[in-house]
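Need coordinates for the below:
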Amino acid sequence: MDVKMRVVAASALCGLAGAGVGLGTREAEGAAANVTPMPAGAHTLPPVGTMPAAAPATMTADGYRLVWHDEFDKDGPLNAADWGYERGFVRNQEAQFYQPENAVCKDGFLVIEARKEGKPNPNYVAPGAATAPGARGRGGTGWPNLPTVEITAASVNTRGKHEWTYGRFEIRAKIDVRSGSWPAFWTLGVSGGWPGNGEIDIMEYYRDMVLANVAWQGANGAVWNSVRTRLGTLPADWAQKFHTWRMDWDEKAIKLFLDEVKVNEQDLSKTVNTGGRGAGVKPFVDRPIYLLLNQAIGGQNCGDFSKTEFPIYFYIDYVRVWQKPPATEPK
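Numbers count the residues shown, from 1 in each chain. I've put the predicted structure just below:
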């Protein structure tokens with residue numbers, strides 16, 4: 001599989017995420033929404049149809065120690081000590097409005113649901129008002145200042161709660177591959193703005209492609225190391241099953257895996273920001289990251305979903321983080 005290196009001008013970046021390739025506005029702040037999580041039992045989720053994975057080992061055969069994990073084994077909302085939420089219309093002109101109640105733990109899985117709702121946008125401000133979320137450059141009309149929320153979903157992250165420098169990061173999940181679906185498991189650097197803080201897409205899917213990406217700041221926008229695996233090259237029943245995505249990251253390289261097969265690798269001696277305020281910074285060397293999980297719909301590069309039947313579900317069995325003990329520490 002070829003690894004394609006490319007520089008994308010900031011003005012031409014189009015959405016790819018949670019999540020993807022050419023994602024020019026991943027770090028954009030969403031409009032705040034005062035959303036109250038849905039009471040337990042208010043919305044019935046379908047059965048997952050499989051059992052959660054066994055509990056993880058505290059040490060791996062190759063010397064990694066489990067330092068944090070979430071097995072999602074308590075029904076209800078996510079643990080607020082571990083996860084926070086994005087709210088509203090956030091990036092890439094995506095169709096979904098993010099709200100916490102679309103992320104629910106059930107039967108040992110985190111289920112992120114994208115569903116049609118058709119309700120008033122709590123952040124909407126009449127066109128022309130200076131405070132309208134879409135006022136800058138658009139006169140307050142259009143995305144994200146839409147009067148109606150047609151589709152809701154969820155985006156969760158560990159920002160301000162957990163961060164890591166180096167390690168092994170793994171998810172076991174089942175994704176919906178129908179038109180317009182855009183699930184992702186990805187990371188952003190804690191310090192600085194995008195893309196200078198660095199982005200790693202451990203798992204991203206859209207438009208019949210499974211992606212593994214690394215991005216940093218170039219002279220004219222983001223530099224992307226992207227690998228795309230076409231859905232048609234995978235087994236016919238691939239989308240019906242759970243799969244594992246993993247990143248191994250140390251001071252020398254980032255390696256991305258799908259079901260234990262390495263699909264992409266980035267030499268970190270080459271990931272030096274060459275533009276913006278962070279010029280000269282190596283965003284993936286001795287700099288912490290946080291994790292994101294989201295289910296997006298549509299947007300600038302995600303295909304037509306007008307004929308897709310909702311809801312769409314992103315099932316996550318676990319998220320696990322391992323790190324190697326310091327050389328001076330007994331194993």
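
so where is the stretch 51-200 of the chain shaky, pLDDT-wise?
128-140 (pLDDT under 70).

Which parts of it are strands?
Secondary structure of the stretch 51-200 of the chain by DSSP state E, counting those that start in this stretch: the strands cover 65-70, 84-85, 96-98, 103-106, 109-120, 148-153, 155-157, 167-174, 181-189, 199-206.

Just the buried positions in the fifth one, please.
Within strand 109-120, the residues that count as buried by 16 or more other CB atoms under 10 Å are Phe109, Leu110, Val111, Ile112, Glu113, Ala114. All C-beta spots, glycine's among them, are computed from the backbone N, C-alpha and C.

List the neighbouring strands of that strand plus their orientation.
strand 103-106 (antiparallel), strand 148-153 (antiparallel), strand 312-323 (antiparallel) (DSSP bridges).

Distance check, Leu234 against Met247.
20 Å (CB to CB, to the nearest Å).

So between the two, which is more surrounded?
Of the pair Leu234 and Met247, Met247 is the one with more neighbours under other CB atoms under 10 Å, namely 25 against 15.

End to end on stretch 97-106, go ahead and measure it.
22 Å (CA to CA, to the nearest Å).

do you know which of the strands of the stretch 51-200 of the chain lies nearest Ile289?
strand 181-189 (4.3 Å; CB to CB).

Next, the angle from the closest one to strand 167-174.
Orientation of strand 181-189 against strand 167-174 (axes from the mean of the first three to the mean of the last three CA atoms, to 10 degrees) gives an angle of 170 degrees.

now the angle from strand 181-189 to strand 199-206?
Orientation check (the same axes, to 10 degrees): strand 181-189 against strand 199-206 gives 180 degrees.

how far does strand 181-189 sit from the chain's center?
2 Å (CA atoms, centre = their mean, to the nearest Å).

Same check on stretch 292-307?
With CA atoms, centre = their mean as the basis, stretch 292-307 stands 12 Å off its chain's centre.

Show me what counts as buried in it.
Using 16+ other CB under 10 Å as the burial criterion, the residues of stretch 292-307 that qualify are 292-303, 305.

any chance of the strands paired with strand 109-120 in a markdown table, with mean neighbour count too?
Converted to a markdown table, the strands paired with strand 109-120 look like this (neighbours: other CB atoms under 10 Å):
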| stretch | mean neighbour count |
| --- | --- |
| strand 103-106 | 22 |
| strand 148-153 | 20 |
| strand 312-323 | 23 |
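
now the ones you listed in a markdown table, with distance to Gly278?
Shown next, in a markdown table, are the strands paired with strand 109-120 (distance: least, CB to CB, whole Å):
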| stretch | distance to Gly278 |
| --- | --- |
| strand 103-106 | 31 |
| strand 148-153 | 31 |
| strand 312-323 | 25 |
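
looking at those, which is closest to Val177?
strand 312-323 (9.8 Å).

Which secondary structure state does Ser269 sit in?
At Ser269, secondary structure determined by DSSP: H, G, I helix; E, B strand; the rest coil is helix.

give the contact list for it.
Going by CB atoms under 8 Å, 6 or more residues apart in numbering, Ser269 touches Lys252.

and the gap between it and Pro288?
On the measure of CB to CB, Ser269 and Pro288 end up 20 Å apart.

now do Lys106
31 Å.

Same question for Ala219.
Distance from Ala219 to Pro288, by CB to CB: 25 Å.

hmm, back to that, between the buried residues of strand 109-120, which sits nearest Asp82?
Using CB to CB, these come closest to Asp82 at Leu110, 11.0 Å.

Let me see the contact set for the closest one.
Asp70, Phe72, Leu78, Ala103, Val104, Leu293, Tyr315, Ile316 are the contacts of Leu110 under CB under 8 Å, 6+ apart.
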